[in-house]
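Participant: I need the structure of the sequence given here:
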Amino acid sequence: MALLAASIGPLTAFASAATLQCGPAKGAYVFVRTAGANGLGHVGWGYRLTCDGGYAFGSVENPTGKAHIDKGVDNGFWRGSGTESEMLAAMRSRGYNAYKAITGSRATFDTGPADVIAAASAGRGYDVIGNNCADTVWDVLHAYGVPDLPYLQLHPAPNNWYATLGHTSNVDWAASISL
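Facilitator: Numbering: from 1, shown residues only. I've put the predicted structure just below:
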C-alpha cells in the first residue's frame, strides 16, 4: 500500500467521482511515444476531471524494460493532475511526441471508475502481452466511458493501436497532434 500511495500521491488531489455533463470534446486523450518499446511504441492516458479544465493523466512506463514485473512491484506507474496545458507539458517532458483527443462522443464520462482503475494500475505489475501500457490505457479510458476502443488483441503494438483510434458510430478521435 505504501508503494501505491508513493506512486500517486494523495487521492484528494483528484476530483471526486462525478459524471461529466460538459460535452465530450477533449474528454479523453491517448498519448504516444512512437520510439518506445524498441519501435513498437508506448502509450499513456488523460481524461477530463472537471468541465472547467481539470485533467488526470499518466501511464505505466516499465522503466526496466522487463517482459514481466510481478504484481505489487514498481512498474513505473505515475499519474498527475492539472490543466490541459500542464497535462500536455507533463507528457511532452516524459518523451511522448503526439496525442489524439476525443472530439465527439455519444458517451457520458464518469471520473469515478477511471480514478479507481488508474490508481490500481500501480500495483498490477506488467506483462508484455496482456498487461502492458496499452492495456492500462484501454482499461482507464473504458472505465471513464469511452466507447468503441479498438481491440488490443487485433492491434497489440501500441503504435498500431494508437493509429486505429478514429471515427466510429459512437466516438470521434481527432487526427494525431504533435507535442
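Participant: Look up the residues forming beta bridges with the residue most central in space within the chain.
Facilitator: Closest to where the C-alpha atoms of the chain average out (CA atoms, centre = their mean) is Trp45, at 1.7 Å. Beta-bridge partners recorded for Trp45 (DSSP bridges): Val30, Gly58.
Participant: which is the next helix or strand following the host helix or strand of Val137?
Facilitator: For Val137, the host element (DSSP states H and E) is helix 133-144. Following helix 133-144 in sequence order, the next helix or strand is helix 158-163 (DSSP H and E).
Participant: Output the contacting helices and strands for that following helix.
Facilitator: strand 28-33, strand 42-48, helix 133-144 (3 or more CB pairs under 8 Å, 6 or more residues apart in numbering; DSSP states H and E). Backbone N, C-alpha and C define where each C-beta goes, glycine included.
Participant: other SSEs contacting the first one?
Facilitator: In this case it means strand 28-33. Applying 3+ CB pairs under 8 Å, 6+ apart, we find strand 28-33 packed against strand 42-48, strand 55-60, strand 98-105, helix 133-144, helix 158-163.
Participant: mind putting these in a markdown table, mean pLDDT and distance to Ala67 included?
Facilitator: Formatted as a markdown table, these follow (pLDDT from 0 to 100; distance: least, CB to CB, whole Å):
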| stretch | mean pLDDT | distance to Ala67 |
| --- | --- | --- |
| strand 42-48 | 97 | 15 |
| strand 55-60 | 97 | 14 |
| strand 98-105 | 94 | 26 |
| helix 133-144 | 97 | 13 |
| helix 158-163 | 97 | 15 |
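Participant: just those: most buried one?
Facilitator: Mean neighbour count (mean count of other CB atoms under 10 Å) peaks for strand 42-48 among these, with a mean of 28.
Participant: C-alpha coordinates for it, PDB please?
Facilitator: Below are the C-alpha coordinates for strand 42-48, written out as PDB (Å, rounded to 0.1, in the frame of the first residue of the first chain):
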ATOM      1  CA  HIS A  42       4.300   3.300 -25.800                       C
ATOM      2  CA  VAL A  43       1.000   5.000 -24.800                       C
ATOM      3  CA  GLY A  44      -0.300   7.000 -21.900                       C
ATOM      4  CA  TRP A  45      -3.800   8.300 -21.000                       C
ATOM      5  CA  GLY A  46      -5.500  11.500 -20.000                       C
ATOM      6  CA  TYR A  47      -9.100  12.400 -19.100                       C
ATOM      7  CA  ARG A  48     -11.100  15.400 -18.100                       C
END
